[in-house]
Each structure stands twice: as structure tokens, then as C-alpha cells.
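Colleague: The amino acid sequence is not available; the structure is as follows:
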């Protein structure tokens, strides 16, 4: 498969879409299993009979997608057309990996986005970079949203967190540092005005989610939960207090 990533044209235009389709088929049951495991964990079910997720397989699959994306990106930027469509297909999969609960998979995807994708766009000549940014605005917005969502604290971490970030577990702090670094690189690439627009879109999406949900009692719960800024029990308490008044 790595030979396909090195020279996709030699294998025909259907090679990489086929790779992505196979990955989607393999990933769907794994994703369902992870969700089931997460639900059991939240319910305190210690008698989990579900086999563990094959982490090595997930890691290897993500690495192959990263190699495919790295091979396609220069051609997508230079020629567009079919190469651009194939790159977007791979990129959509790598955005899903970025929000994976598996830290190693998420960091492998993050390395591609920061060190390959953003770095490649930053290295383009000025005119070519502006043209690329114009055609990649949607993808950069999606990437920014995925980074923000991935920084959200899991309930078990949020419930024990304080206002001091140093109280977070070291692995959580490490991942959030990497996410923050990637967000800074995107801001440097697109500029503060465009980055502000991306963040405004995230907030608007949170507001839309709030208006469609009757279960949430205050908009702060949605916004701050999405951004992962405060522990969930603080948010719930604040919502209750605001409701009392």
C-alpha cells in the first residue's frame, strides 16, 4: 500500500479512493465498538467482555492515510482536479482520526496536519499560497473545528479539574499543548482576521446546537463544553444557579 502512496498515478485514479473506501469499511465497526466501550465506562460497568480495540491496526491504518495525504498534497496543490478530490477524500478520513479517543492515533494525524499540511501551505510562494488558501478555506475551517473539539476534556478528567491547568493529567496536558501549537500555526498561516472568523463559526455552531436542544439549560454549557474551558460540574452548577435567578 505504501507504494500506492508514493506514486498514485502509476496505479490509476481509483487506487486511493479504493484505499479510503476500505479504511471506512474497517473503521466503522471499530468506531462503534469504541462508542460502546465508552458508554460502559461512563456507566461504571467493570465487567466489559468486549475485546480491546486493535491499537496497532488503527495506528498502522492512520499512518498509511498520512502517507497517502503527504503524497497527494503537492500534486493536489499543483494540478488540482482529480488529485485535489482524492486528497480531500483522504483528508476527511484524517480529520476523523484527529478526534479519535486513541491518543496515539490522534497525534499521528495531528503530525500530518501540522508538519505536512500546514507546513506545506506555509512554504508556498506568496501568490500560490493565497490561491491555495482560497481553495482550502473549508478544509482549514474543518481542521480548526476538529482541533478545538479534540481539546475538550473527557467527563472523568473535567470533573476533577481545577482552574489550574497544571492539575490536569500529564498526558492530557501534552495533547492539549500539541493542539494549541497546531492552532497557532493555522492562525499564523491564515492571519488573525480569518482565524477569528473560524472561531466565530464554531461559536455560531454551538449556538445552533443550543437552540435545537431542549435538554440544555444555558448557552454557556454548550459553548464552554465545546471549547473545553471549564469542568462540567462547574458548568452544571452555574446553569442551575442562573436558572434559580
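Modeller: Structure received. The structure displayed is predicted, hence computed values, not measured ones.

Colleague: C-alpha only now, for contacts and for neighbours.
Modeller: OK.

Colleague: Can you show me the helices along the chain?
Modeller: 2-6, 15-42, 55-79, 81-98, 103-111, 119-122, 126-135, 137-150, 155-158, 170-190, 192-212, 219-227, 232-244 (DSSP state H).

Colleague: any idea how far residue 173 is from residue 103?
Modeller: 12 Å (Cα to Cα, to the nearest Å).

Colleague: Go through the helices of the chain and find the least confident stretch.
Modeller: Among those, helix 232-244 carries the lowest mean pLDDT, at a mean of 39.

Colleague: Outline the domain layout of this structure.
Modeller: Residue ranges for the domains of the chain, per automatic domain parsing: 1-28+54-131, 151-245.

Colleague: unless I'm mixing things up, residue 149 is touching residue 99, no?
Modeller: Yes - counting by Cα atoms under 8 Å, residue 99 is a contact partner of residue 149 at 7.3 Å.

Colleague: Tell me which of the two has more neighbours.
Modeller: residue 99 (21 against 17; other Cα atoms under 10 Å).

Colleague: residues in contact with the closest residue to that one other than its chain neighbours?
Modeller: What sits nearest to residue 99 in space, not counting adjacent residues and going by Cα to Cα, 6 or more residues apart in numbering, is residue 150, at 5.2 Å. Neighbouring residues of residue 150 by Cα atoms under 8 Å, 6 or more residues apart in numbering: 98, 99, 179.

Colleague: what's the spacing between the first one and residue 80?
Modeller: For residue 98, the distance to residue 80 equals 24 Å [Cα to Cα].

Colleague: The two: who's more crowded?
Modeller: Remark: of residue 98 and residue 80, residue 98 carries more neighbours, 27 against 15, as counted by other Cα under 10 Å.
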